[in-house]
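In: Build me a structure from this.
(2 chains)
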Amino acid sequence: MSQIPADLRYTKSHEWLRTLPDGSVEIGITDHAQQSLGDLVFVEVPEAGRRLAAGDACAVVESVKAASDVYSPLAGEVAAGNPQLASQPDLINRDPYGEGWILRLKPSGGGAAETLDAAAYEAALAAGG
Amino acid sequence: MPYIPHTDEDVRAMLERIGARAIDELFDEIPAALRIDALAGVPDALSEMEIARLAADRAAADGRPLNFIGAGAYEHHIPAPIWALVTRGEIYSAYTPYQAEASQGTLQTMYEYQSMIAGLTAMDVSNASLYDGASALAEACLMAVRAHRRSKSARILMPTTVNPAWRQVTRVITRGQGLEIVELPYGAEEGRTIPEALARHAGTDVTAIVIQQPNFFGQLEDVDALTRWARANGALVIAAVNPVSLALLTPPGEWGDGGADIACGDAQPFGVPLSSGGPYVGFMACRMEHVRQMPGRIAGRTLDAEGKPGFTLTLQAREQHIRRAKATSNICTNQGLLMSAATIYLALIGPAGLERVARACLARTRELVDALTGLPGVRAAFGGPRFHEAVLTLDRPVAPVLEALAAQGIVGGLDLSRDYPELGNALLACATETRTRADIEAYAIALGRELGRAAAA
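Out: Coordinates of the predicted model:
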């Protein structure tokens, strides 16, 4: 059973979102996503300053068996990619909701994908999503 | 005999199972406008007997002239063991197998090849080979654009001293992918890229610069200065190198301060015959930091479940069977047969042998240039250091002279008037270790006679 913290928002494509005190949004992939991918060997994070539209592929997570895109649930400008992931991609396996964050985004208000609360995400997972 | 295992009955049964009426139905989603019914210019199929006759006639038409053309493909001695080994059944069908790890021998050959290429170029990692030097350069340009994420221009500086055929292939392959290929002029004195050509690009967003060493004219570029310029201006460096020359010249991994980012070229000189123009074998190596942007297969050495060493394809998440449309390239195989030939060649002659080959090429070309420029009306177009090719100018149009020599069984060089009209009556000539003193003398005598005859007429 995977962890689904109650204080975060989620997407059906298995990203999580956390609103930080300064209004920026931290984004990563869920515990379910990291379990499905297996041991991560490489993560490509976006450059600070890059502008994203909602739904844009903004990062790549690569495991021993697959490489997947991470999609930005919001439009905005990248404030930072997690620099730790270049040398420690397994931070996502060990701490997907903490040290394994992938990017921080300054939302531009230009549009957002549908997000779910923890209960709805858990229901989506249970339904095979 | 049709080499298709499915009988009409098999096909009918399979269609019935999936509920399709005909095979064509499976392709319904391809719009009619995109379908081609007939391939213009492609002749009808020939029988085995007809194709064998055609191939024999074409080979006879090529003959076995005394060859002084290099220009990207080089006639070197091919030690007898190479093709005796390469044509063995275990190696002859060297296409990367789909169940790769079941073919440990093939993967080990790839691993040995990669190790030798990485050693020769002084780069961190090599792939298992690409189609040829020209497409390897095109792939290197695409790779540089992916690897240099801070650069937004996708602008590649391409000296005109880079092989014109490779430049053309690069333009065709990168067209439609948003790359801007900007050509750099060369200096008339030494036939190499000049610092002034770079000056107007300083401070602009340049993704990468291509440096061919030796360049198409056989001249040595100032690779250290060009590499330093690229570093100072935030551009990556793509080295296109003749692998034989690496036995004598500084390898790309040690150019300038920190070396090139990507090295590529054609490994044809390593045991692969000229074969009227191909197939050849491209190589590519890079710094470890760029490896996830490298196209092609990579074999790695690892331990199996019982702790025994073995070989495996690695970093496959770059490739299209996993990454689909976002793969680094549509290349999903390697030039296995010729890669095997190159590997055996290098293993056979070793570092000292390769250095002897390179030194012999250098010496023969010097003798060739001395012999030909000793004739009235013939001079070397450029000063400065060169490897095993030279541009020579004549006092009259080159084409009729080369035709007259060809009639005597001597291929005297490549007429440069099409690609480099500014050089006037210029030809590019090469002598490898396969040209003897007698060969060079025969060329000089024939050319002297030809120039004298034309002068008298």
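In: Quick check: the residue of chain A nearest chain B.
Out: A:A67 (3.7 Å; CB to the nearest CB). For the C-beta atoms, the positions are set from N, CA and C on the backbone; glycine is no exception.
In: partner residues bridging that residue?
Out: Applying DSSP bridges to A:A67 gives these bridge partners: A:E62.
In: separation between it and B:H148?
Out: Going from A:A67 to B:H148 by CB to CB, to the nearest Å gives 20 Å.
In: do B:I349 as well
Out: 37 Å.
In: avg pLDDT for stretch B:268-288?
Out: Summarised as a single mean, pLDDT over stretch B:268-288 is 96.
In: Is any residue of that stretch near chain A?
Out: No: Stretch B:268-288 is not in contact with chain A by CB under 8 Å from any CB of the partner chain; minimum separation 12.1 Å.
In: which helices and strands does the one helix or strand B:A363 maps to pack with?
Out: In this structure, B:A363 sits in helix B:336-373 according to DSSP states H and E. If you count contacts as 3 or more CB pairs under 8 Å, 6 or more residues apart in numbering or on different chains; DSSP states H and E, helix B:336-373 packs onto helix B:80-86, helix B:89-92, helix B:104-121, strand B:379-380, strand B:389-393, strand B:426-430, helix B:437-456.
In: Buried ones in it, by neighbour count?
Out: B:336-346, B:349, B:354, B:357-358, B:360-362, B:364-365, B:367-369, B:371-373 (16 or more other CB atoms under 10 Å in any protein chain shown).
In: center of the chain - which residue?
Out: Unless you meant another one, I'm taking chain A. Centroid-nearest residue in chain A, with CA atoms, centre = their mean: A:G28, separated by 2.3 Å.
In: other chain: chain B
Out: Using CA atoms, centre = their mean, the most central residue of chain B is B:G133, at 1.7 Å.
In: Give me the local confidence score for that residue.
Out: Listed pLDDT for B:G133 reads 98.
In: and what of A:G129?
Out: Looking at A:G129, its pLDDT is 58.
In: likewise B:Y95?
Out: 64.
In: least trustworthy helix or strand in chain A by mean pLDDT?
Out: Lowest on mean pLDDT, DSSP states H and E among the helices and strands of chain A sits strand A:103-112, with a mean of 88.
In: who does it touch, helix- and strand-wise?
Out: strand A:25-29, strand A:74-81.
In: okay if I get these as JSON lines plus distance to B:T87?
Out: Output for the helices and strands packed on strand A:103-112, formatted as JSON lines (distance: least, CB to CB, whole Å):
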{"stretch": "strand A:25-29", "distance to B:T87": "50"}
{"stretch": "strand A:74-81", "distance to B:T87": "51"}
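In: So which of these is the most surrounded?
Out: Stretch with highest mean neighbour count among the helices and strands packed on strand A:103-112: strand A:25-29 (a mean of 24; mean count of other CB atoms under 10 Å in any protein chain shown).
In: and it, does that touch chain B?
Out: No: counting by CB under 8 Å from any CB, no contacts exist between strand A:25-29 and chain B, the nearest distance being 15.7 Å.
In: Quick one: mean pLDDT over whichever helix or strand comes after that strand.
Out: Per DSSP H and E, the first helix or strand lying C-terminal to strand A:25-29 is helix A:31-37. What helix A:31-37 shows for mean pLDDT is 95.
In: Pull out the buried residues from helix A:31-37.
Out: Residues of helix A:31-37 classed as buried: A:D31, A:H32, A:A33, A:Q34, A:L37 (neighbour count, 16+ other CB under 10 Å).
In: secondary structure class for B:A136?
Out: Three-state assignment for B:A136 (DSSP: H, G, I helix; E, B strand; the rest coil): helix.
In: List the buried residues in the worst-scoring helix or strand of chain B on mean pLDDT.
Out: Least confident helix or strand of chain B, by mean pLDDT, DSSP H and E, is helix B:320-323 with a mean of 80. For helix B:320-323, a neighbour-count test (16+ other CB under 10 Å) marks B:Q320, B:R323 as buried.
In: quick one: contacts of it?
Out: A:A66, A:A67, B:Q316, B:A317, B:A327, B:S329, B:N330, B:C332 (CB atoms under 8 Å, 6 or more residues apart in numbering or on different chains).
In: What is the neighbour count of the fourth one?
Out: Other residues near B:A317 come to 21 when the count uses other CB atoms under 10 Å in any protein chain shown.
In: do the first one as well
Out: Look at A:A66: counted by other CB under 10 Å, it has 14 neighbours.
In: Next up, phi/psi of it, please.
Out: phi -160, psi 160 (degrees, to the nearest 10).
In: now do the fifth one
Out: Backbone geometry at B:A327, expressed as degrees, to the nearest 10, gives phi -60, psi 160.
In: so who does it touch?
Out: When contacts are counted by CB under 8 Å, 6+ apart, B:A327 touches B:R318, B:E319, B:Q320.
In: Tell me how many other residues surround residue 58.
Out: Because you didn't say which chain, this covers chain A. Neighbour tally, A:C58, other CB under 10 Å: 23.
In: ah, I was thinking of chain B
Out: Neighbours of B:R58 (other CB under 10 Å): 10.
In: Where does pLDDT dip in the chain?
Out: I went with chain A, as the question did not name one. Low-confidence segments of chain A (pLDDT under 70): A:1, A:129.
In: wait, chain B
Out: For chain B, applying pLDDT under 70 flags the ranges B:1-2, B:94-97, B:454-457.
In: closest point of chain B to chain A, which residue?
Out: Counting by CB to the nearest CB, chain B gets nearest chain A through B:A317, at 3.7 Å.
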